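Trainee: Fold the stuff below for me.
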Amino acid sequence: MKKFMVAATTLALTGAWVAVAQAANVQGSSSNNAMLVIDKSDFPPFVNPLEKAGLRVKYENDKESGTIDIFGGPVTQVRNAAKANEAGAFFAKLPLLPIFNVAQVWYNDQNPTANVYSIRQLMKPPFGAWPEFGGLVVGQVKGTESGQGVYFGEWSKAVSTPTQSDSTDLHMTATDRIVWYVGDNAVTTMPTLVNAQYKVVGIHLTGTNDNLPHAPNLYGGTLTANYSAGHGAITGAISRGSHNVDFNGTAIFADGTFKKDQLIEGRFYNEAAALAGIYTGGAANEHIAFGGSRSN
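Mentor: Numbers count the residues shown, from 1 in each chain. Prediction:
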């Protein structure tokens, strides 16, 4: 128990990106808000809360974790431990007790639209305040950092006995897999857009087949957004191989959100310079998280 407490404490301290900044307008959602909640980061309590984009895990026993800062926690932690675009056994270790591995980590920065960070948790936290998961994949729209960050990705529930050696299995084939998106600086009053082009990528089942954490096989495509005087739409598609996600018929609303039936939802960020969202058609293993930035 003692080593788990040290693990959680040191990870929180090293993962926290401490800065003085104005409160962010954090907005987003997940495909299962009863289990994975989007909110302003408030954890750990003994480090200055940044109130930026965060994730909070809820458990079956009605307990929940703190809301972990995405940039200061997983993004920074992976950058510090892994080598970009390389396979291998890269482990995030305890700074004070480096003989213990906390997570296996990877990241890829080769895509021009987004960086992708992947984490496979090895150590089960002892209390509900510390986040517990099997795998976490974070897409970060390039050019966005804490305070302007735009993130999207997938999450899997913790497993009882995580593999301690090298493994790319992030448990994303689980039936309770969740996709999510969030940003620090959400648009709340939609600006006029005329043929605005967005380069967009999608994250789907990282760690399966040839879709490896260090070299993820992303969906990709260009979306076009038009909006004026309370009405707007997104057209286009993102694809991977023979599978397409069609955005035609996606409506844009005055508050900066967009939606297509029960299939697609998302939001614009950073004065509509970026967007992120989720596709939730079919079963959980068909869901896709996507994000991107304006290119014109």
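
Trainee: all strands of the stretch 101-250 of the chain, in order?
Mentor: 101-108, 114-121, 135-141, 150-156, 178-183, 193-203, 219-228, 231-240, 243-246, 250-252 (DSSP state E, counting those that start in this stretch).

Trainee: Compare those and report which one is nearest to Gln164.
Mentor: strand 101-108 (7.0 Å; CB to CB). Bear in mind the C-beta positions are built from the backbone N, C-alpha and C, glycine included.

Trainee: now the angle between strand 135-141 and that closest one, please.
Mentor: Counting by axes from the mean of the first three to the mean of the last three CA atoms, to 10 degrees, strand 101-108 lies at 40 degrees to strand 135-141.

Trainee: And strand 101-108, what does it pack against?
Mentor: helix 76-81, strand 91-93, strand 114-121 (3 or more CB pairs under 8 Å, 6 or more residues apart in numbering; DSSP states H and E).

Trainee: Would you give the sheet partners of it, along with the direction of each?
Mentor: strand 91-93 (antiparallel), strand 114-121 (antiparallel) (DSSP bridges).

Trainee: could the ones you listed go into TSV alongside distance to Gly207 and mean neighbour count?
Mentor: Listed next are the strands paired with strand 101-108 as TSV, based on distance: least, CB to CB, whole Å; neighbours: other CB atoms under 10 Å:
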stretch	distance to Gly207	mean neighbour count
strand 91-93	16	20
strand 114-121	7	26
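
Trainee: Can you tell me which of the ones you listed has the worst average pLDDT?
Mentor: Per-stretch mean pLDDT for those is lowest at strand 91-93 (a mean of 85).

Trainee: Spit out the contact partners of the residue nearest to Val194 when sequence neighbours are not counted.
Mentor: Leaving aside its sequence neighbours, Val194 sits nearest to Asn226 (CB to CB, 6 or more residues apart in numbering; 6.2 Å). Neighbouring residues of Asn226 by CB atoms under 8 Å, 6 or more residues apart in numbering: 193-196, 232-233, 252.

Trainee: Counting neighbours, which of the residues you listed end up buried?
Mentor: For these, a burial check counting by 16 or more other CB atoms under 10 Å picks out 193, 196, 232-233, 252.

Trainee: Most widely separated two among the residues you listed?
Mentor: Farthest apart among the buried ones among the contacts of Asn226 by CB to CB are Ala196 and Ala233. That separation is 11.4 Å.

Trainee: Could you tell me which residues touch both of these two?
Mentor: When contacts are counted by CB under 8 Å, 6+ apart, the set common to Ala196 and Ala233 consists of 225-226.

Trainee: With distance to Glu51 added, can I get the strands paired with strand 101-108 in JSON lines?
Mentor: What follows is those, written out as JSON lines (distance: least, CB to CB, whole Å):
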{"stretch": "strand 91-93", "distance to Glu51": "24"}
{"stretch": "strand 114-121", "distance to Glu51": "21"}
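
Trainee: Who does Ala114 form a beta bridge with?
Mentor: With DSSP bridges as the rule, Ala114 is bridged to Val141.

Trainee: quick check: domain ranges of this structure?
Mentor: 2-183, 193-294 (automatic domain parsing).

Trainee: Now do Gly143 against Gln104, distance only.
Mentor: Using CB to CB, to the nearest Å, one gets 28 Å for the distance from Gly143 to Gln104.

Trainee: sorry, that was for Gln148
Mentor: To Gln104, Gln148 is 29 Å away according to CB to CB.

Trainee: So between the two, which is more surrounded?
Mentor: For Gln148 versus Gln104, neighbours defined as other CB atoms under 10 Å are more numerous around Gln104 (28 against 20).

Trainee: who's in contact with that one?
Mentor: Going by CB under 8 Å, 6+ apart, Gln104 touches 89-92, 119-120, 122, 166-167.

Trainee: okay, the residues you listed in TSV with distance to Lys259 next?
Mentor: Formatted as TSV, those follow (distance: CB to CB, whole Å):
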residue	distance to Lys259
Ala89	42
Phe90	38
Phe91	40
Ala92	37
Ile119	30
Arg120	32
Leu122	38
Asp166	41
Ser167	37
